[in-house]
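Enquirer: Fold the following, please.
(chains A and B)
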Amino acid sequence: EDQVTQSPEALRLQEGESSSLNCSYTVSGLRGLFWYRQDPGKGPEFLFTLYSAGEEKEKERLKATLTKKESFLHITAPKPEDSATYLCAVPSYNTDKLIFGTGTRLQVFP
Amino acid sequence: DAGVTQSPTHLIKTRGQHVTLRCSPISGHKSVSWYQQVLGQGPQFIFQYYEKEERGRGNFPDRFSARQFPNYSSELNVNALLLGDSALYLCASSLASSGGASQIYEQYFGPGTRLTVT
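Expert: The predicted structure follows:
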């Protein structure tokens, strides 16, 4: 069964303290992996698509990487405005249905 | 450019009632998907529509139905509301449907409709 697991569930960082979020997945025939950012009460905001193992993408303080079994979202020198829940998702085999993890709730303190 | 829009923003209904949620996709996008998100969980897939045809259905009861119009906007209908239907309902639009092919299309989400059932 297709499954996405994210860890940790919650992460508290001091401003400037770099860290990584993990997304492990089990899906037949991975066609891509998506990262989203979600603020409380809002819809998920698209961040990255990764298509194959070894691929990396960057946006400001965020860098996403992909291996054959997991993806990492690295946050370098985070700021309080990076506080949000970060979700990863993969399309289910042979469909466009996205399978989401439960997310990592990130809090960055000044 | 306008993103995905959803209406209403918030809605309060009583058990047993019916609700209709609306979504307008990004201009040029022809596929709309609906997701349900309960607090503390990731979104759960409900339906996908492409060119007015249903392309996917999640594990939800028949009380949930949807349709897509010629202008690619979409409605999600829920009958006989239960307390457990309280959630954030999200609409996502994409350029097209992969149809299971290797190419995938990014899904862009709207702000959601917060449904509370009392």
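
Enquirer: which parts of chain A sit against chain B?
Expert: Proximity of chain A to chain B, by Cβ under 8 Å from any Cβ of the partner chain, involves residues A:4, A:31-32, A:34, A:36, A:41-46, A:49, A:87, A:89, A:91, A:94-103. For the C-beta atoms, the positions are set from N, CA and C on the backbone; glycine is no exception.

Enquirer: Can you select the buried ones from the residues you listed in ChimeraX?
Expert: Remark: buried members of these, expressed as a ChimeraX selection using 16 or more other Cβ atoms under 10 Å in any protein chain shown:
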select /A:4,31,32,34,36,42,43,44,49,87,89,91,95,96,97,98,99,100,101,103
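
Enquirer: Residue B:37 reaches residue B:88, doesn't it?
Expert: Yes. When contacts are counted by Cβ atoms under 8 Å, residue B:37 is listed as touching residue B:88 (4.5 Å).

Enquirer: Which residues are in contact with each of those two?
Expert: Listed as contacting both residue B:37 and residue B:88 by Cβ atoms under 8 Å, 6 or more residues apart in numbering or on different chains are residue B:112.

Enquirer: the more surrounded of the two?
Expert: residue B:37 (22 against 19; other Cβ atoms under 10 Å in any protein chain shown).

Enquirer: what about residue A:61, how many neighbours?
Expert: Residue A:61: 14 neighbours (other Cβ under 10 Å).

Enquirer: Can you give me the separation between it and chain B?
Expert: 21 Å (Cβ to the nearest Cβ, to the nearest Å).

Enquirer: give the contact list for that residue.
Expert: Residue A:61 touches A:75-79, A:82, counting by Cβ under 8 Å, 6+ apart.

Enquirer: Next: residue A:109.
Expert: Residue A:109 touches A:12-15, A:80, counting by Cβ under 8 Å, 6+ apart.

Enquirer: Chain B: which of those residues is nearest?
Expert: residue A:12 (17.1 Å; Cβ to the nearest Cβ).

Enquirer: low pLDDT regions in chain B?
Expert: Scanning chain B with the threshold set as pLDDT under 70 gives B:1.
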